[in-house]
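1. My questions are about this predicted structure, shown below with the sequence.
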Amino acid sequence: MMSSPETAAVRCCACHRLLFVAEPDAVAAAIRIKCPRCKAVNILRPHRAPAIERDQRPTDHRGKAPGE
Ligand SMILES: [Zn+2]
């Protein structure tokens, strides 16, 4: 039996436009793809499930000491 392999639909992180569909192993290295619709840059990392990240920024929104 040949059932279609597991594919992951990769969508734009900003507008959710479908960018492409890939099998989990299709991504061997980090990919940066620019959304043709909203121009957001999506960064894809090789993982089981292609996780979409936006610009990596250390968001520390809880441990900021209120000092000057
Ligand atoms: Zn987009």
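-> Nice, I can see it. As the structure is a prediction and not an experimental result, all values here were calculated from the model.
2. Get me the contact residues on this protein for the ion.
-> For the chain, the residues in contact with the ion (CB under 5 Å from the ion) are 12, 14-15, 17, 35, 37-38, 40. Every residue, glycine included, has its C-beta placed from N, CA and C.
3. Any of these buried? List them.
-> For the residues of the chain next to the ion, a burial check counting by 16 or more other CB atoms under 10 Å picks out 12, 35.
4. Would you convert the residues of the chain next to the ion into CSV that also reports secondary structure and pLDDT?
-> Shown next, in CSV, are the residues of the chain next to the ion (DSSP: H, G, I helix; E, B strand; the rest coil; pLDDT from 0 to 100):
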residue, secondary structure, pLDDT
12, coil, 95
14, coil, 96
15, coil, 97
17, coil, 96
35, coil, 96
37, coil, 96
38, coil, 97
40, coil, 96
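5. Report the buried residues of stretch 33-48.
-> So, applying 16+ other CB under 10 Å, buried residues of stretch 33-48: 35, 42, 44.
6. Now the last one: closest residue in space, sequence neighbours ignored.
-> Translated: residue 44. Spatial nearest neighbour of residue 44, excluding adjacent residues (CB to CB, 6 or more residues apart in numbering): residue 31 at 4.3 Å.
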